[in-house]
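A.B. asks: attaching a predicted model along with its sequence, questions to come.
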Amino acid sequence: MNATPRRPAALFDFDGTLTRRDTMLGFMLHLLRQQPGAARALGPALRRLPAYLAGRAGKADMKALLLRAFVRLPAEAREPLVRRFHDAFLAPRYLAGGVERVAWHRRQGHLLVLASASVELYLRPVAEALGFDHLLATRMQLDDPPRPLGANCYEREKVNRLLAEPWFGQVDWPASWAYSDHSSDLPMLMLCGHPVAANPKPDLRRFATRAGWDIVDWK
């Protein structure tokens, strides 16, 4: 009996790769425009900001502090707000070239994976809208106060999350693709046989040029 052929995957970072800007700040601004009173919950995050900027506070912990404003919303208001954020803020900022590349991989029958350090909470509508098969993102327990569920999905942690997936061994990794704009994603990019620097920051552009990787600048 023949073994099931392995399937190539296409891994996509999100912020700066498929969209024009960082999304966590955009989410908080959207939340505060919709619910101005939620600003009162951001005091702990503002007090922690100097430590975060100095590298003494973790990114996942900072995201949890920012989400204090979100969890103060009534439960029935949360999902509509997240959907409005996607439709009003995220969808208009998708990079057309990136969306076209996702569609190309779908036509090839590749396994589509959105792998981002952004919060899973507001990336679910993105994964649904763009037709991703799997979403790997920073997970949060949305109690009051919120707390991280595991590590920030960043740098090597993206590969750790991939390794933990039950479908990891069913992927043809030498035939797979990965896209990112940032050198923090080198572990994910180097996992795949076709790494692509997408809208790369200068350090990744230099690395990709030296390594002979594909470089794309999506509009």
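C.D. replies: Yep, it's here. Residues are numbered from 1 along each chain as shown.

A.B. asks: following the lengthiest strand in the chain in sequence, what is the next regular element?
C.D. replies: Ranked by residue count and defined by DSSP state E, the top strand of the chain is strand 111-119. On the C-terminal side of strand 111-119, the closest following helix or strand by DSSP states H and E is helix 120-130.

A.B. asks: now that next one against strand 111-119, angle please.
C.D. replies: 150 degrees (axes from the mean of the first three to the mean of the last three CA atoms, to 10 degrees).

A.B. asks: just the buried residues of helix 120-130, please?
C.D. replies: 120-127, 130 (16 or more other CB atoms under 10 Å). Where you see a C-beta, it was placed from the backbone N, CA and C, and this is true even at glycine.

A.B. asks: let me see the mean pLDDT of stretch 9-16.
C.D. replies: Average pLDDT, stretch 9-16: 98.

A.B. asks: who's in contact with that stretch?
C.D. replies: Contact with stretch 9-16 is made by 18, 21-23, 98, 101-102, 105, 110-118, 123, 126, 132, 162, 171-173, 176-182, 185, 188, 191-192, 198-199, 201, as judged by CB atoms under 8 Å, 6 or more residues apart in numbering.

A.B. asks: restricted to helices, list these.
C.D. replies: 98, 101-102, 105, 123, 126, 162, 188, 191 (DSSP state H).

A.B. asks: going through those, which ones are buried?
C.D. replies: Buried members of those, counted by 16+ other CB under 10 Å: 98, 101-102, 105, 123, 126, 162, 188, 191.

A.B. asks: gap between the longest strand of the chain and the chain center?
C.D. replies: Remark: strand 111-119 is offset 5 Å from the chain centroid, using CA atoms, centre = their mean, to the nearest Å.

A.B. asks: now that strand: mean pLDDT?
C.D. replies: 97.

A.B. asks: for stretch 162-172, same thing?
C.D. replies: Averaging pLDDT residue by residue across stretch 162-172 gives 98.

A.B. asks: sketch out the strands for this protein, chain order is fine.
C.D. replies: Along the chain, counting by DSSP E, strands occupy 9-12, 111-119, 134-138, 140-141, 147-148, 177-180, 194-198, 214-216.

A.B. asks: now do the third one against strand 111-119, angle only.
C.D. replies: Orientation note: strand 134-138 sits at an angle of 20 degrees relative to strand 111-119 (the same axes, to 10 degrees).

A.B. asks: strand 134-138 packs against which elements?
C.D. replies: Contact here means 3 or more CB pairs under 8 Å, 6 or more residues apart in numbering; DSSP states H and E; on that basis strand 134-138 packs against strand 111-119, helix 120-130, helix 156-164.
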